[in-house]
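Undergrad: Provide a 3D model corresponding to the input given below.
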Amino acid sequence: MTAPAVVSPSTRPKEATHLRELSPQQWKSGAAAWLGWLFDGLELHLYTLIAAPLVLQLLHATSTADPAVKEKSAYIQAAFLLGWAVGGAFFGRLGDVLGRSRALALTILTYALFTGLCAFAQTWWQLMIFRFIAALGIGGEWAVGASLLTETWPKAWRPWIAAMLQTGVNIGILLGAVVVTVLSLVLPPNAERWVFLVGVLPALLVFWIRRHVPEPEAWQQAETAVHHRPPGAGDLFRGAVLGTTVKTTLVCALGLSAWWLFMFWHPQHLRRLAGAEGIPAADVTRYVSTAFFLVNFVAIVGNFAAGWLARRVGNRLAIVWLFAGLGLAMIGGFAVPRTFAELAWFWCPLMGFFSGLFALFTMYMPPLFPTLLRTTGAGFCYNIGRVAAAVASVVFGLFAPVGDFRGALLWTGALALAASAASIVLPERTYENEAT
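TA: So this is what the prediction gives:
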């Protein structure tokens, strides 16, 4: 393993305490990361909101209750989550080798172009491939953007920076819900696929990033110190870093499985309830999109609540408590049959509030790893949870009764509680004041 470069605290510039003290580089890196996360959110859930009718069309089926629709929808979502995991590891590695700014531009270009191609899929497996490749970019963007801000913005601001970044994702998701809702009113029937063309827009951001966002000084210094020979990915599993890798991977696998099962299956469950309660078929997509919008609007409040809690009890305890709250909310919502209104206007938004805990991982995880393993470590540990979530999407979907996902959703609560228990042993030591 190449010895990490040591940066003396005395050589670091004084951190800004007011917005007016931030440098142009800090503003630009912040804008690039936030916009990247905004478009992440937009790309993430376009498919989630139109999965049932789109797969129905691709399979030429007659009803969303057809077992094949549920099965292929689960496969497509599993491929997306698997791509997210692979992309987190792959682009995370590129972020350490090529630099944060270069890797960020590549991730955005990847997910923008292949989300747009989803509009032209003619079969379910073509859609699955396009979603997989788009997910490579989305998974990579998280670790690269988080590390970029870790290395450029003041340490004391991290809980609020994390909340703002996660808010970018939530606003992107809300934007996706608005897009789907509006287009459902203006597009002809069976034209849901064209919403994917909106996903091409982030490609324009790449040109600005490459022109205006330089590489962080911390990364440049570390690269120079090791003569451009960074440690390998295998060093995540050696020495003191091994314990951090194992603990954070376990928590992320449990927690992200719980959240992604909820985010994928609850719109399908709400869609079924809406139909069963007599809501006109033409209005179902609008009702489900509105409920989805509310979950993510409340999640924005949850982001800042999580940041407030972390400043008072620390990241680890805040994560423990918020995972517990998320698990209990999921169990409360799905333990017994509930109406569309009960779930859509109370229980699901409550789960959205507790999902603010995921904002904490943004600034908490990168400093747990040395600078030249930072995006590799954060990308691997956070996104490997997508593999577990991918498997769970298929398994839970296959074993749930056709058209009824309440039982599967109930188990998401158990996973969230397990994540809470595992979070107790999360590390608190960082490398920032030792080796970078």
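Undergrad: buried ones in stretch 301-317?
TA: Within stretch 301-317, the residues scored as buried using 16 or more other C-beta atoms under 10 Å are 301-307, 309-310, 315-317. C-beta: built from backbone N, CA, C; applies to glycine.
Undergrad: Is it correct that residue 340 is in contact with residue 287?
TA: Yes. If you go by C-beta atoms under 8 Å, residue 340 and residue 287 touch, sitting 7.5 Å apart.
Undergrad: could I get the buried residues of stretch 301-317 as JSON lines with secondary structure?
TA: Output for the buried residues of stretch 301-317, formatted as JSON lines (DSSP: H, G, I helix; E, B strand; the rest coil):
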{"residue": "301", "secondary structure": "helix"}
{"residue": "302", "secondary structure": "helix"}
{"residue": "303", "secondary structure": "helix"}
{"residue": "304", "secondary structure": "helix"}
{"residue": "305", "secondary structure": "helix"}
{"residue": "306", "secondary structure": "helix"}
{"residue": "307", "secondary structure": "helix"}
{"residue": "309", "secondary structure": "helix"}
{"residue": "310", "secondary structure": "helix"}
{"residue": "315", "secondary structure": "helix"}
{"residue": "316", "secondary structure": "helix"}
{"residue": "317", "secondary structure": "helix"}
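Undergrad: Pick the one among those closest to residue 229.
TA: Nearest to residue 229, judged by C-beta to C-beta, of those is residue 315 at 32.1 Å.
Undergrad: these two touch, right, the closest one and residue 360?
TA: Yes. Under the criterion of C-beta under 8 Å, residue 315 makes contact with residue 360 at 5.4 Å.
Undergrad: circling back to that earlier point, shared neighbours, residue 340 and residue 287?
TA: 270, 274, 279 (C-beta atoms under 8 Å, 6 or more residues apart in numbering).
Undergrad: Looking at these, which is nearest residue 423?
TA: Among these, residue 270 lies closest to residue 423 (C-beta to C-beta), at 29.0 Å.
Undergrad: model confidence over the top helix by length along the chain, on average?
TA: Looking across the chain with DSSP state H, the single longest helix is helix 239-276. Mean pLDDT, computed over helix 239-276, is 87.
Undergrad: quick revisit: which pair in the buried residues of stretch 301-317 spans the largest distance?
TA: Using C-beta to C-beta, the buried residues of stretch 301-317 span at most 22.2 Å, a distance reached by 301 and 316.
Undergrad: Distance of residue 69 relative to residue 124?
TA: For residue 69, the distance to residue 124 equals 9 Å [C-beta to C-beta, to the nearest Å].
Undergrad: And those two? Which one has more around it.
TA: Per other C-beta atoms under 10 Å, whichever of residue 69 and residue 124 has more neighbours is residue 69, with 26 against 19.
Undergrad: Which strand or helix spans the more buried one?
TA: Following DSSP states H and E, one finds residue 69 within helix 67-97.
Undergrad: Quick check: next helix or strand after that helix?
TA: Next helix or strand after helix 67-97 toward the C-terminus (DSSP H and E): helix 100-117.
Undergrad: Kindly provide the distance from the nearest residue to residue 281 once chain neighbours are set aside to residue 55.
TA: Distances taken as C-beta to C-beta, 6 or more residues apart in numbering place residue 275 nearest to residue 281, at 7.0 Å, with adjacent residues excluded. Separation of residue 275 from residue 55 (C-beta to C-beta) stands at 16 Å.
Undergrad: which of these two has more neighbours?
TA: Remark: of residue 275 and residue 55, residue 55 carries more neighbours, 25 against 16, as counted by other C-beta under 10 Å.
Undergrad: OK, contacts around the more buried one?
TA: By C-beta under 8 Å, 6+ apart, the contact set of residue 55 is 69, 72-73, 76, 124, 127.
Undergrad: The same query, at a cut-off of 10 Å, please.
TA: Neighbour list for residue 55: 47, 61, 64, 66, 68-76, 124, 127-128 [criterion: C-beta atoms under 10 Å, 6 or more residues apart in numbering].
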